[in-house]
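Asks: the sequence and its predicted three-dimensional model are supplied below.
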Amino acid sequence: MTAAERDARKLELTELAMDLIARDGAAITKADLVAETRISRARVDEIFPEESELFDAIVELWYADEIAIMEEVVASDLPIRRKFYEFFCRRYKLSRSRHDADPALYAIYCEMGSERFEQVRGYIDLADHYLSELIAQAQDEGFFADLSVNQALTLINQMVVCYTSPQMMVMISERLHEDKLAAIIDTIFAGLLGGDRGAKPVAGLRAAS
C-alpha cells in the first residue's frame, strides 16, 4: 500500500467511524468499526495498529478546518486588530455551526475530548502557538506593553474562553454573539497592559475614603 493509498484508507475509515458516532451517539472502538462496516479486522489494524490511533484520527479530522482557519489568518495581511477578531470569530462560527446542526452530537464530542484530554492537548497547544504569533505581531506595533508573550497569551485566553471552549458552547451558546466577541477584542487592544494600575489585591478590604 502506497502512502497515498494509506492516507485515503485512513480518511475513509475515520469518516466511517464519525458516521457511526453520529448514528449511535457514543464513542466507538476498532471492534465496533469492524462489526458495523464489514471491513476486516486485519485491514483496520493495518491503518490503526493501536486503539488510541482511531481516536487520534477522529480528533485530527475534527480540528482540520480550525487549523486551516488559524493558518490562513496568521498568514494574512489584515490589520492586527482585525486578525485577532478573525482568529477567534471564524473558529467560533465553525464551532457554533457544528453545535447548532446537532447539539447532542456536539456534546458527545465534547465528552469524548474531556475523557481523552491528553490526546486533544496538542491541538490546544497549537492554537496557543498561533495566538502567540499574533501577540508578537501586536507587540511589534506597540500593543500589550510590559507583558511577555506568555503573560498576554494567558490573559487573552481567559478573556475569550467562552468563544473557544466547546464546553462553554454547550452551556451558554445562546448568550454568545459575534458583536460581543468584537467588543472583547476591542477592549483587549484598548487596555491590555502590564504593571499595576490600581486593581491588584491588597491585604484585606478597605472602605473607600
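Replies: In hand now; what should we look at?
Asks: can you pull the buried residues of stretch 47-55?
Replies: By neighbour count on 16 or more other Cβ atoms under 10 Å, the buried set for stretch 47-55 is I47, F48, L54, F55. In this view, the C-beta of every residue, glycine as well, is placed from N, C-alpha and C.
Asks: mind listing what's buried along stretch 15-32?
Replies: L16, A17, M18, L20, I21, A27, I28, K30, D32.
Asks: I'd like the buried residues of stretch 47-55 written out as JSON lines, with secondary structure, pLDDT and distance to R9 added.
Replies: JSON lines is the format used below for the buried residues of stretch 47-55 (DSSP: H, G, I helix; E, B strand; the rest coil; pLDDT from 0 to 100; distance: Cβ to Cβ, whole Å):
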{"residue": "I47", "secondary structure": "helix", "pLDDT": "93", "distance to R9": "6"}
{"residue": "F48", "secondary structure": "coil", "pLDDT": "94", "distance to R9": "10"}
{"residue": "L54", "secondary structure": "helix", "pLDDT": "94", "distance to R9": "13"}
{"residue": "F55", "secondary structure": "helix", "pLDDT": "93", "distance to R9": "17"}
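Asks: and the residues you listed, which two are furthest apart?
Replies: Pairwise distances among the buried residues of stretch 47-55 were taken by Cβ to Cβ; the largest, 13.2 Å, belongs to I47 and F55.
Asks: before we move on, back to that, closest one of the buried residues of stretch 15-32 to S40?
Replies: Distances from S40 to these, taken by Cβ to Cβ, are shortest for K30, at 11.4 Å.
Asks: and that closest one, what does it touch?
Replies: Applying Cβ atoms under 8 Å, 6 or more residues apart in numbering, we find K30 in contact with R41, V44, D45, F48, E51, L54.
Asks: now with 10 Å, please.
Replies: K30 makes contact with L13, A17, R41, V44, D45, I47, F48, P49, E50, E51, E53, L54 under the criterion Cβ atoms under 10 Å, 6 or more residues apart in numbering.
Asks: show me the shaky parts of this protein.
Replies: The chain contains residues with pLDDT under 70 at 201-209.
Asks: before we move on, back to that, now render the buried residues of stretch 15-32 as TSV, adding secondary structure and distance to C110.
Replies: Formatted as TSV, those follow (DSSP: H, G, I helix; E, B strand; the rest coil; distance: Cβ to Cβ, whole Å):
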residue	secondary structure	distance to C110
L16	helix	21
A17	helix	17
M18	helix	15
L20	helix	18
I21	helix	12
A27	coil	12
I28	coil	16
K30	helix	22
D32	helix	20
